[in-house]
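Novice: below: sequence and its predicted model.
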Amino acid sequence: MKLDATKYELLNPSDDKFLRDTILSFILAGRDAISSALTWFFWILSVNPQVVTKIRKEINTTLPRTSGQKRACYDDDDSIEFLNKLVYLSGALYEAMRLYPPVPFERMSPVKPDVLPSGHKVDASMKILIFLYALGRMEAVWGQDALEYKPERWVSKTGVLVEEPSYKFFAFFGGPRACLGKHLAMRVMKMVVVEILQNYDFKVVEGQKIEPAPGPILRMKHGLRVKLTKRYPLKEYKVL
Ligand code: HEM
């Protein structure tokens with residue numbers, strides 16, 4: 001990995017702890033948040049099969065697949081462009097994270113006494129909890145259909161992805177401490193979804209209890225068991 005250490009030098013660190021902690025936070029943030037997002041996403045897809053059909057249609061019209069075609073490696077400009085064109089899939093992922101934000105709450109403290117837009121006075125000693133899970137479900141913010149899963153709300157009339165302000169769609173947080181990995185996370189999740197939906201049919205194993213586990217990451221308490229079935233005979237693939 002090529003690392004630009006110019007700014008790191010400015011911090012004049014006495015040891016490499018800062019760099020170690022930063023790399024660790026990247027690994028943890030990437031792994032845990034993405035796995036939470038994808039687990040809820042695939043569960044939502046299982047109860048919204050019409051969304052799966054639309055995602056597959058978008059993938060196939062954006063990058064039609066023919067028998068024996070080379071599989072994407074996702075390491076070139078064409079692949080990145082292909083992922084960027086998947087507007088409906090982006091909306092479907094955003095919509096899942098609106099209802100099931102991988103980081104379900106945040107804690108903040110004001111640096112000095114302040115007044116919130118709601119009129120509440122806050123002291124510097126106060127800790128303010130922000131419930132992203134509740135925010136994503138508020139009718140006042142998202143409209144009367146706030147509890148419904150509708151990827152379409154993220155697609156404009158002209159077919160462009162609606163980028164809601166970060167303080168409204170809070171899953172990646174907002175302001176100077178917002179998630180640094182948002183675009184990487186979206187890209188990784190789209191790659192995973194494309195590969196799974198193109199190659200497999202999936203069915204959630206029946207009789208499971210689906211409930212969130214309270215914690216800093218919104219995990220599924222009992223995990224999610226699914227059954228995958230290959231969609232095409234193996235001989236149709238040329239795996240690189
Ligand atoms: C679905 C995936 C992800 C979600 C929902 C997510 C969400 C968030 C949220 C809510 C925060 C603010 C946390 C806080 O301040 O308490 C955050 C911070 C951060 N995220 Fe992510 N994240 C995701 C993936 C990633 C990935 C893949 C990376 C990098 C590889 C990453 C790197 C970071 C870093 C470095 C911060 C700290 C930023 C700072 O404090 O200045 N995240 N993320």
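Specialist: Thanks, I have the structure now. Numbers count the residues shown, from 1 in each chain.
Novice: give me the residue from the chain nearest the ligand.
Specialist: Nearest to the ligand in the chain, going by Cβ to the nearest ligand atom, is Gly181, at a distance of 2.1 Å. Every C-beta, even on glycine, is put in place using the N, C-alpha and C of the backbone.
Novice: dump the residue contacts of that residue.
Specialist: Gly181 makes contacts with Phe26, Ala29, Gly30, as judged by Cβ atoms under 8 Å, 6 or more residues apart in numbering.
Novice: and the residues you listed near the ligand, which?
Specialist: Contacts with the ligand within the contacts of Gly181, counted by Cβ under 6 Å from any ligand atom: Phe26, Ala29, Gly30.
Novice: nearest residue to the last one other than its sequence neighbours?
Specialist: So the one you mean is Gly30. Setting aside the residues directly before and after it, Gly30 is nearest to Gly181 in space (Cβ to Cβ, 6 or more residues apart in numbering), at 5.9 Å.
Novice: before we move on, what about the first one?
Specialist: The shortest distance from Phe26 to any non-neighbouring residue, by Cβ to Cβ, 6+ apart, is to Gly181 (6.9 Å).
Novice: alongside the ligand, which residues does the protein contribute?
Specialist: Taking Cβ under 6 Å from any ligand atom as the contact definition, the chain meets the ligand at 25-26, 29-30, 33-34, 37, 97, 102-103, 106, 171-173, 177, 179-181, 184-185.
Novice: just say helix, strand or coil for the residue nearest the centre of the chain.
Specialist: By Cα atoms, centre = their mean, the chain has its centre lying nearest to Ala37, at 5.2 Å. What DSSP: H, G, I helix; E, B strand; the rest coil gives for Ala37 is helix.
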